Structure formats: C-alpha cells, structure tokens
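[1] quick one, what's the 3D model for this:
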Amino acid sequence: TLKFIKELGKFTGLQAAVILGGDSMDNQFSAIHGNPDVIVATPGRFMHICVEMELKLNSVEYVVFDEADRLFEMGFGEQLQDILSRLPETRQTLLFSATLPKVLVDFAKAGLTDPILLRLDVESKLPDQLKLAFISCRSDDKPAALLCLLKEIMKPKSLTVVFAATKHHVEYLHLLLEKAAISSTYIYSNLDPSARKINAAKFQNGKVSVLVVTDVAARGIDIPQLDNVINYNFPAKSKLFVHRVGRCARAGRSGVAYSLISGDEYAYLLDLHLFLGRPFKPTDNAALNSDDDDFPDGVIGQVPESLVEEEQSELIKWHENDNDLRNMKRVCGNAYKQYIRSRPGASVESVKRVKEISTDSFPVHPMFPAQYRTEPTTSDLLKQMKNYRPQGTIFEIGQSSRSQSYNVMKSTRKQHLNSIQNHKRKLEDNEKENSENTLEERKLLPTSNEDDIQDAFHSIIAPKKRKRDAQAEAKRKKRRSMVDKEHYIPYTAPDHHTEQGFAVNNFHQEASKANLDLTADSGDILRLQQKLKKWDSKKKKMVAVNTGKVKKIRDEAGNWIPATYKSKRYAKWKERSKAEENASDDDDDDEDNNDNEPQSLKSYPNTHWGRHNKKLETRYKNLLKKPEQILKNRVIKEKRRMKHGRKKPKRKS
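    Residues are numbered from 1 along each chain as shown. Have a look, this model is predicted:
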C-alpha cells in the first residue's frame, strides 16, 4: 500500500509513513514527528503509538479501513474503537472489502453517520476473468497431485500461491518443493517478522515462483501480478474461498484457482456451489474429446493416474532417504487431526447430497493434455469389478440341483428378484436426475411484471376469492391490523441464505475470539482459542472468562507490553533525541534580552568541569533544529556582527 501511494503521489509532494508491528518504534516516532500527510498502519501498533505519544489526531480528515470485515473479525475491534475515539467527528470514514456484507449493523461501533453503501458483490462474487478448476484425489495423493499441477499445468514464470491448513503443512510442502527443484518460499503466522518481509519480497519480486502460506499469514500480503491460486486444503467457509481466490485475476488479468478435493471436503465444495449459485459439474464427454487447451470453467475431474503414480514413486524415494521428510509427514498428520477438530462443519443438506454423488468415478480433468484423457483409469477397473455380479451364489456353485441348499437359494433369489430390480431402477433414475441437475444449467428467462401483463391481455380472468363468514373475516382483519406495513421488519430478509455467506459475526459478541472464519495454523494459537470458557445464558454460547488478572498483553510483534500500552518508550526516545524544543517562545524572548545585556552581567562557569559540562549541554541541547530556529540564529549572528563592526568572512572557493 505504501509503495502504491508513493507511486501515485509522486509529483504531489505528499509524505507517507508506514506504522507496522515488529518494526522499530524509534523510527516510527521520527516518522510521526515528520508530520506525514498519509499514514499506513496496522491497528495494534498504531494504537500503541497513539497511546505512547498521546496523539489527539484532530487534524485527520479521512480514515480508510481496507479489508474492513477482516479487521473486525481478527479481533482488532477494540483497537479501532480507540483510534476512532481520537478522530474528529468531521472526518470521512471509508470501509473497503472484497466481501463487505450488506447489513451495516456490525459496523455501528465504527462511528458511521449517514452511511452510503456501494455494493458490487451481489451480482458477481468472483472476478469475471477467474476460472475455477477442482481436482478430485485421495488425501494421500495430494502432494503428488500438487507436484503434477506445478510441473505439467503451471507456466514457467507464473506466480502461484498455495494455501495450506497449518504451519506444519507449509513447512512440509516447502521441503517437497525444494526436493522437486521448484523455487518456493513460505509464510505462516509464527514466522519472524523480518523473515516474513524477506520471503514476501522474494515472491513479489519474482525471485521465486511459488509461495506457500496459511490463511492467517496471507492476510495483508499484496501480490498484484498473481496468476494462480492452489487450495491444497479446501476452505471450510465459502467466504474464505472468495478471499483466497480473489487475490488473482485483478486489474483485467486472467487467473485460475485450482482446488484439491479429498473425501472429507466434498460437502464444503457443495456449500461453495450453493453460495456462488453455480451447478456442480463433473467433466463430461464433450470436454474430454475436445482438443482445445482452454478447459471449461468450474468442472471437477482427476489427475491422470500415470502422472500421479510417477510422482508418488518419487515421493516414496524421498521419504525413505530423508528423515526430515518422514518426521514432517508424521507431524502434518497429527496437525491435520487437530485442524479437523477446530474446522467448522458443513451444512446438513450438503452432507446428505454428497452421499448420493459418486465421488470416486470422476474422469480426467480436461485441463490435462488429450493423451491423458483417453487412458483407462484405476477407478474404471474398480467400477467394473464392483458392478460384476455372478449368476449364482456360493451356495449354488458346485452343488447339484437335488441339494437342499441349492433349492433354498434358488427360491430365495426368485422371491427377491422384483425388489432387486426395483432398487436398480431407482438408482438409475436418481443417477439420471442428478446428471440432469448438474450438467444442464437452467436458463432463467426475465420475469414479467403487472404492467406487461396488462398491456398484452385485454381481459384477465382470475380465480374468485372464496367467501368467508363474518366471524372469520373479523379475525382476519384483526390479525392483519397488528402488522404495520410501514414500520414492520420481518424476521429474516428475502436474501437471507445468500447474505449468510457474506455475514460478519457481531464483534461485540465475538471480540474474545482470535479468529472467526480462519482456523488457527499452529497449536499455540489453537490452544489460546480453546482457553477457559463459561456458558453465557444471554448469548446462548460459551464465552471466554475474563478474570481481570492479566496485567500485560501481547502486541502484534509478539512482545509483552503493559495493558495500558504505556511503556514510556516515547519519553526515553524524546530524551535521547531531544526532538522536542526545550524552550518556549517566552524563553526565546528572554534569550534575546540577555544578548543585549552587558558582558559584565552574564555569568560564566569558572571551573574546569563547569566549562566542560556547559560545553556538553550546548552540544546536545538542540540536536534537531527546525528551519525557523536556524533562520533566527542566523539573524542574531548577523546582528552581533553588525554591532561589533566585524567584516563578513569570505567563503573559500
């Protein structure tokens, strides 16, 4: 953001400063003393600076919250309220977010007056230039599928971001990519701030082509030229999916979002399709037979078996020869178990629908070359073996027609024949119905209104209203009169289900949680989320217990500071740098009067140490001078020279 502001205001003379957690506070004090026109800051550190320096911020005219819903969801509501309380009431507040919800009640505490909502997310939740590709695979085959995508599909110089569930997955994937000779770097929440900056700069400058991150760590990273996004672990929230893939295909550029789907993630995939309003589309025969490199948008398929087996054999060799990889794989398995426990569940409807979909028989995805699409897959062979039914049972094979078991089994099969045929017919009908619902998109025609109907038809015959008796009509009018049409607010909005995906939880109730949509990427943060809680009867949920014994808090940089943010750093810095003027305007006037006094009335130190201390005091008294002070000293010096009649010294050439 700071880089963009400097480039945009290159010839405007605007000064911009950045305030980030983890940076040196002394440099930030100096930046604030420089009186910048624009400040780009994170809420926690900027609040710390405001409390330390006791800033009033009365001259601020505009305040901008980028990714506004994320700021409130990630627990910065308290810091934002403190900052907003220091701002004047005449300011203009701007809230920007890719998934800004329609309901502004959650932002009531932001101090908005006469708000205006400019909403662009209702019609298109994803960029038009963004294509979606879903890859079905087993959990154990995900590393091999990731390597296949990076080697076979990605262009050599394209920038790709890989989203993983935990920091252990990030480190494990980084080791795998190093083994595969793919340049990559990584970022997660517990990473050192300096290392985070270095790794992010490597990816932004194009020195590496792959960045492996978690959802928590990816927040705030700006990558304008991003080409691809890979969801190694599919997100549990549809809104989080939009946050992930919305980073690419910006500013008119095209991009592709690839998602690896395992068995426990299909329900979340169906939730995403319901949220986006798109049909669930497996790869069809037309896409498989097409020779065009441009694949359809939003289809789901598999990685070719030959590519997966090749990469899987390489992975087995690497794990046999490298102890670090084996240990990291074991740690990732344990971390994923903890991740599943904290992951929110899918909707009940999606879980029921997944059971009706055959998730193990998807064909090869059409984005792979044509020679891979026609090869027989293991799933086809398994499906044929599954559908094979012998003519007889074990009780009939090798038995004579006179045996008792043969006759009993023959009569039983004859009795159950109708039920078996009905069951097969029902399965075929369900499969046909599902294929029609998933492969054929409904084309909705524009609806007509009453004016169009009146213009098209001369006479309209409507069904007559049924007559009610007087007693029923009186009760009906009484019920109707209780609802005020002008001021009545219904229980739910008409677009309740669509808005549920966009909604941000009320931060008054959720301020104690570190994350709402994002699942913690490390065990330490996960344990902090699962700290001691109690049941709140009013809120109808478990809330964190505030014992009042915590005297210190942890800031954005991970350092423990007093709960009041008053660590006296600014006073110490001010004492060291002498940035504040030691004398007021009255003292300056007294100094002018003292210059006109006779030399006999001025007192000077007579001892050696007195003169030494006086010299040190004058040396460090005004280390930093303002232009007005420098000009004033020059005028005083010129007056003294004119008074004593000295000649102006000549400058050396």
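
[2] for the rest of this, base every contact and every neighbour count on C-alpha atoms.
    OK.

[3] in stretch 199-213, what counts as buried?
    199-200, 202-204, 208-213 (16 or more other C-alpha atoms under 10 Å).

[4] err, stretch 177-197, not the other one
    Using 16+ other C-alpha under 10 Å as the test for burial, stretch 177-197 gives 177, 182, 184-190, 193, 196.

[5] tell me which of the residues you listed fall in helices.
    Helix and strand membership here follows DSSP state H; of these, those in helices are 177, 193, 196.

[6] for the last one, which non-adjacent residue is closest in space?
    To tie it back to what came earlier, the one meant is Arg196. Computed as C-alpha to C-alpha, 6 or more residues apart in numbering, the closest residue to Arg196 that is not its neighbour in sequence is Ile187, at 6.1 Å.

[7] may I see the buried residues of stretch 139-157?
    Of the residues in stretch 139-157, those buried (16+ other C-alpha under 10 Å) are 141-150, 154.

[8] buried stuff in stretch 341-348?
    Along stretch 341-348, these residues count as buried under the neighbour rule (16+ other C-alpha under 10 Å): 343-344, 346.

[9] alpha carbons of it, as CSV, please.
    As requested, the backbone C-alpha atoms of stretch 341-348 are provided in CSV (Å, rounded to 0.1, in the frame of the first residue of the first chain):
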residue,chain,number,x,y,z
ARG,A,341,-11.5,-30.8,15.2
SER,A,342,-11.4,-27.0,15.0
ARG,A,343,-12.8,-26.8,11.5
PRO,A,344,-16.5,-25.7,11.2
GLY,A,345,-18.8,-28.3,9.8
ALA,A,346,-20.6,-28.3,6.5
SER,A,347,-24.3,-27.8,6.1
VAL,A,348,-26.6,-30.8,6.7
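
[10] beta partners for the residue nearest to Arg196?
    Per DSSP bridges, residues listed as beta-bridge partners of Ile187: Val213.

[11] for the chain, which helix is longest?
    Using DSSP H to assign secondary structure, the helix with the most residues in the chain is helix 404-439.

[12] state the mean pLDDT of that one.
    What helix 404-439 shows for mean pLDDT is 76.

[13] show me what it is packed against.
    Helix 404-439 sits against strand 281-282, with contacts defined as 3 or more C-alpha pairs under 8 Å, 6 or more residues apart in numbering; DSSP states H and E.

[14] tell me the strands beside the strand it packs on, with direction?
    As defined by DSSP bridges, the strand partners of strand 281-282 come to strand 299-302 (parallel).

[15] what does the strand it pairs with contact?
    Applying C-alpha atoms under 8 Å, 6 or more residues apart in numbering, the contact partners of strand 299-302 are 132-137, 280-283, 362-366.

[16] of the residues you listed, which belong to strands?
    Residues of these located in strands (DSSP state E): 132-136, 281-282.

[17] got the buried residues of stretch 139-157 as CSV, with distance to Lys539 columns?
    Formatted as CSV, the entries for the buried residues of stretch 139-157 read as follows, by distance: C-alpha to C-alpha, whole Å:
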residue, distance to Lys539
Asp141, 43
Lys142, 41
Pro143, 43
Ala144, 46
Ala145, 44
Leu146, 43
Leu147, 47
Cys148, 48
Leu149, 46
Leu150, 47
Met154, 48
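
[18] let me have those in a markdown table, adding distance to Glu311 and pLDDT as columns.
    Conversion of these to a markdown table gives the following (distance: C-alpha to C-alpha, whole Å; pLDDT from 0 to 100):
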| residue | distance to Glu311 | pLDDT |
| --- | --- | --- |
| Asp141 | 9 | 92 |
| Lys142 | 11 | 94 |
| Pro143 | 9 | 94 |
| Ala144 | 5 | 94 |
| Ala145 | 8 | 94 |
| Leu146 | 10 | 94 |
| Leu147 | 7 | 94 |
| Cys148 | 7 | 93 |
| Leu149 | 11 | 93 |
| Leu150 | 12 | 93 |
| Met154 | 16 | 90 |
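
[19] which ones among those residues map onto helices?
    Using DSSP H, 142-148 are the members of the buried residues of stretch 139-157 that sit in helices.

[20] out of these, which is nearest to Ala267?
    Ala267 has its nearest neighbour among these in Lys142, at 17.9 Å by C-alpha to C-alpha.

[21] which residues does Leu87 contact?
    Shown here is Leu87, whose contacts under the criterion C-alpha under 8 Å, 6+ apart are 56-60.

[22] any idea how far Tyr232 is from the closest residue to Glu311 other than its chain neighbours?
    With C-alpha to C-alpha, 6+ apart as the measure, Ala144 is the residue that lies nearest to Glu311, at 5.2 Å, once sequence neighbours are left out. With the distance defined as C-alpha to C-alpha, to the nearest Å, Ala144 ends up 11 Å from Tyr232.

[23] ok, Ser537 next?
    Counting by C-alpha to C-alpha, the gap between Ser537 and Tyr232 amounts to 39 Å.

[24] neighbour count winner among these two?
    Counting neighbours by other C-alpha atoms under 10 Å for Ser537 and for Tyr232 shows that Tyr232 has the greater number, 23 against 8.

[25] which of the buried residues of stretch 199-213 fall in helices?
    Counting by DSSP H, the members of the buried residues of stretch 199-213 that fall within helices are 199-200, 202-204.

[26] about what we covered before: quick one: which of the contacts of strand 299-302 has the lowest pLDDT value?
    pLDDT across the contacts of strand 299-302 is at its lowest for Thr283, which sits at 69.

[27] check which element follows the lowest-mean-pLDDT helix or strand in the chain along the chain.
    Lowest by mean pLDDT, DSSP states H and E among the helices and strands of the chain is helix 585-596, with a mean of 48. Under the assignment DSSP states H and E, the closest C-terminal helix or strand after helix 585-596 is helix 608-620.
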